[in-house]
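**Q** The amino acid sequence is not available; the structure is as follows:
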């Protein structure tokens with residue numbers, strides 16, 4: 001594992017934003033904020049492009065499946081990589097590949113020859129890149145801030161992600177209306193320069209990872225065994241998987257909701273996505289302000305309960321303003337659940353297994369999403385988009401109540417793992 005090199009501590013970042021005191025994290029966070037704004041612009045434009053070309057909510061689900069299915073195949077390999085390769089160099093490589101993917105999508109869209117299958121193939125490529133990038137990027141946060149500020153760094157990373165989710169779709173709605181999908185794809189490609197520049201300026205330890213005599217397959221097995229034999233880890237991962245399969249697909253169906261349910265257009269889609277992003281930012285700020293990981297299980301259960309109930313309410317709404325207000329709750333509840341789960345798992349895991357535990361979280365969060373995308377697309381085709389969203393919310397609500405009833409012991413705080421020679 002790469003040994004962290006403490007970065008310069010910057011002033012004027014107390015409380016909620018305390019992880020930004022670390023120069024390395026401040027550089028990384030700023031670059032991510034810019035790049036993720038472009039990523040959300042591409043996501044909104046891609047969904048609108050697929051809907052325009054196919055006029056099918058089911059095709060939205062198929063493209064969503066292509067975007068997330070590689071995570072199911074490769075996330076665990078990415079977790080072993082996060083524990084065994086220099087993370088900064090790996091991130092420079094994965095982010096460069098993502099920029100190339102955005103450039104290819106730009107060129108195809110500009111040519112006028114783009115088809116749904118082109119978009120699906122490029123979504124498959126980006127999903128493969130993300131399968132390695134996400135566990136490495138999440139594990140890299142520990143290298144930037146250390147253990148004490150790790151929960152805050154995870155929360156601030158969520159703020160960057162969801163701040164971009166607030167700004168990106170709103171910008172995308174305007175760009176789509178006046179310039180079209182190609183402009184959104186181009187702006188995303190350019191935005192990767194910010195995160196690449198930030199990574200280049202970061203100074204972390206240069207010590208090479210220690211040789212590992214075990215195979216990569218053995219490394220994957222070790223991570224799975226740890227999670228399966230640790231009840232708190234296992235329960236949190238199951239909840240994340242249920243949210244991913246049954247709750248998260250509402251965002252894949254958002255173009256159909258904006259156009260067919262609420263009678264809107266591109267700007268309606270952008271504002272709805274932005275509303276969910278605004279709620280997520282508020283949720284992440286609330287988590288960032290916490291200085292203790294105590295009662296994390298209770299927080300996860302309450303957040304998932306609100307998430308499921310809000311999805312049901314959203315499926316029943318036919319008013320734009322009511323839908324936007326409910327999306328604030330959905331976004332806040334989702335990010336509170338996911339950020340709390342992520343920090344809980346990383347702090348509970350032994351240092352030598354942190355990357356693999358993060359990869360299991362990634363597998364549950366993103367790797368299960370393809371099944372949710374296909375399922376929601378099929379339900380939307382059979383019974384309508386609102387029914388698909390409402391049923392997903394009902395499953396999330398039931399799971400959260402069962403978790404709260406049967407596992408009260410998960411409220412305990414993670415204990416610090418024993419020091420490891422491999423760290």
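**A** In hand now; what should we look at? Keep in mind the model is a prediction, meaning the values are calculated, not measured.

**Q** Run through the helices of the stretch 251-400 of the chain in chain order.
**A** For the stretch 251-400 of the chain, the helices defined by DSSP state H, counting those that start in this stretch occupy 254-256, 266-288, 296-316, 320-348, 354-362, 369-383, 385-406.

**Q** now swap in the stretch 1-150 of the chain and tell me
**A** Ranges of helices within the stretch 1-150 of the chain are 23-54, 57-84, 87-111, 116-145, 150-178, based on DSSP H, counting those that start in this stretch.

**Q** which residue packs closest to residue 165, ignoring adjacent ones?
**A** Once flanking residues are discounted, residue 165 sits nearest to residue 277: 3.3 Å by CB to CB, 6 or more residues apart in numbering. Every residue, glycine included, has its C-beta placed from N, CA and C.

**Q** So that neighbour sits against residue 164, correct?
**A** Yes: judged on CB atoms under 8 Å, residue 277 makes contact with residue 164 at a distance of 7.5 Å.

**Q** For residue 172, give me its contacts.
**A** Residues in contact with residue 172 (CB atoms under 8 Å, 6 or more residues apart in numbering) are 40, 41, 44, 45, 184, 266, 270, 273.

**Q** can you list those in JSON lines and add neighbour count and pLDDT?
**A** Listed next are the contacts of residue 172 as JSON lines, based on neighbours: other CB atoms under 10 Å; pLDDT from 0 to 100:
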{"residue": "40", "neighbour count": "28", "pLDDT": "87"}
{"residue": "41", "neighbour count": "30", "pLDDT": "90"}
{"residue": "44", "neighbour count": "30", "pLDDT": "86"}
{"residue": "45", "neighbour count": "29", "pLDDT": "90"}
{"residue": "184", "neighbour count": "29", "pLDDT": "93"}
{"residue": "266", "neighbour count": "23", "pLDDT": "73"}
{"residue": "270", "neighbour count": "27", "pLDDT": "77"}
{"residue": "273", "neighbour count": "27", "pLDDT": "80"}
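
**Q** Out of the residues you listed, which two sit at the greatest distance?
**A** The most widely separated members of these are 40 and 266, with 14.2 Å between them, by CB to CB.

**Q** So which of the helices of the stretch 251-400 of the chain is the most surrounded?
**A** Of these, the one with the most neighbours on average (mean count of other CB atoms under 10 Å) is helix 354-362, at a mean of 29.

**Q** helices and strands around that helix, which ones?
**A** Other helices and strands packing on helix 354-362, by 3 or more CB pairs under 8 Å, 6 or more residues apart in numbering; DSSP states H and E, are helix 57-84, helix 116-145, helix 216-228, helix 231-242, helix 320-348.

**Q** Tabulate the contacts of residue 172 in TSV, adding columns for distance to residue 309.
**A** Formatted as TSV, the contacts of residue 172 follow (distance: CB to CB, whole Å):
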residue	distance to residue 309
40	26
41	30
44	26
45	31
184	33
266	29
270	26
273	21
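
**Q** just the residues you listed now: which is nearest residue 395?
**A** Of all those, residue 273 has the smallest distance to residue 395: 22.8 Å, by CB to CB.

**Q** my read: that closest one touches residue 254, true?
**A** Yes: using CB under 8 Å, residue 273 is in contact with residue 254, at 6.2 Å.

**Q** so which of the helices and strands packed on helix 354-362 gets nearest residue 203?
**A** helix 116-145 (10.4 Å).

**Q** Return the set of buried residues in the closest one.
**A** Buried residues in helix 116-145, counted by 16 or more other CB atoms under 10 Å: 116, 118-120, 122-145.

**Q** okay, the angle between it and helix 369-383?
**A** 140 degrees (axes from the mean of the first three to the mean of the last three CA atoms, to 10 degrees).

**Q** count of neighbours near residue 150?
**A** 20 (other CB atoms under 10 Å).

**Q** Please name the nearest non-neighbouring residue to it.
**A** residue 142 (5.7 Å).

**Q** how about the closest residue to residue 223 other than its chain neighbours, what does it touch?
**A** With sequence-adjacent residues excluded and distances taken as CB to CB, 6+ apart, residue 223 is closest to residue 356, at 3.0 Å. Neighbour list for residue 356: 76, 79, 80, 82, 83, 135, 219, 220, 222, 223, 226, 349 [criterion: CB under 8 Å, 6+ apart].

**Q** Quick check: pLDDT value at the third one.
**A** Note on residue 80: pLDDT of 85.

**Q** what's the spacing between it and residue 74?
**A** Distance from residue 80 to residue 74, counting by CB to CB, to the nearest Å: 10 Å.
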